[in-house]
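A.B. asks: predicted model follows, preceded by the sequence.
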Amino acid sequence: SQKIEQNSEALNIQEGKTATLTCNYTNYSPAYLQWYRQDPGRGPVFLLLIRENEKEKRKERLKVTFDTTLKQSLFHITASQPADSATYLCALDQSYNTDKLIFGTGTRLQVFP
Amino acid sequence: GAVVSQHPSWVICKSGTSVKIECRSLDFQATTMFWYRQFPKQSLMLMATSNEGSKATYEQGVEKDKFLINHASLTLSTLTVTSAHPEDSSFYICSAILAGVAFGQETQYFGPGTRLLVL
């Protein structure tokens, strides 16, 4: 079965720097990969989706890359702000191109002034 | 954007009682809704897929008789935890997909979650 690995250690960065989070998967290549933001005690909020035939996608200060050879996605937040502090979850289709998702455990990002 | 609500936002109940959680899509119709469970410091785990007008499909290891799902309309799905026990205490989250959207689209919208504590 598919497994997703995200760094369980919190990432602490200074305001204004670029935060880079990693998502690795171990099995089949997904049709798409999604990134979500989750605040404590809240449901996830969709941020970006990148498909298997896309290498990079951007949305405002966010950038996602997808390397199917490395089985890895990188999530970047440029010019980070304290308001970006949250847990960021990576999710893949549970089986190829289904709507069912499998989630990573997330990486906690802390941006300090 | 599309909004999904859940009710209640938190609930405390005694062991052995049943608890119903509602998931509503407020401004769109959803033919498919998903129910997840999240334990502290763990990932969201998909429990079941709820389709309007048909029986829910459950993930492996999820007891369908314990977690009853009803998707009676295009805007409402309910999850009932029957005979709840302390080990059922968790954060339950639903999500909804816009009706008519093809597979693999990014239109899965999550509710705010329901915190269940079983004493």
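C.D. replies: Yep, it's here.

A.B. asks: which strands and helices lie in contact with the helix-or-strand element of chain B with minimal mean pLDDT?
C.D. replies: Ranking every helix and strand in chain B by mean pLDDT, DSSP states H and E puts strand B:108-110 at the bottom, with a mean of 88. Applying 3 or more C-beta pairs under 8 Å, 6 or more residues apart in numbering or on different chains; DSSP states H and E, one finds that strand B:108-110 contacts strand A:45-51, strand B:90-98. Bear in mind the C-beta positions are built from the backbone N, C-alpha and C, glycine included.

A.B. asks: strands paired with the first one, and their directions?
C.D. replies: Each strand that strand A:45-51 pairs with, and the sense of that pairing, follows from DSSP bridges: strand A:32-38 (antiparallel).

A.B. asks: ok, now the last one?
C.D. replies: The partner list of strand B:90-98 in its sheet, established with DSSP bridges, is strand B:30-38 (antiparallel), strand B:108-110 (antiparallel), strand B:114-118 (antiparallel).

A.B. asks: output the below-cut-off pLDDT ranges for chain B.
C.D. replies: By pLDDT under 70, the weakly predicted segments of chain B are B:1, B:99-107.

A.B. asks: what's the answer for chain A, then?
C.D. replies: Ranges of chain A meeting pLDDT under 70: none found.

A.B. asks: okay, and the beta partners of residue B:7?
C.D. replies: residue B:22.

A.B. asks: hmm, it is touching residue B:22, no?
C.D. replies: Yes. Applying C-beta atoms under 8 Å, one finds residue B:7 in contact with residue B:22, separated by 4.7 Å.

A.B. asks: between the two, who's got more neighbours?
C.D. replies: residue B:22 (17 against 14; other C-beta atoms under 10 Å in any protein chain shown).

A.B. asks: need the contact list for that one.
C.D. replies: Each residue near residue B:22 by C-beta atoms under 8 Å, 6 or more residues apart in numbering or on different chains is listed here: B:6, B:7, B:76, B:77, B:78.
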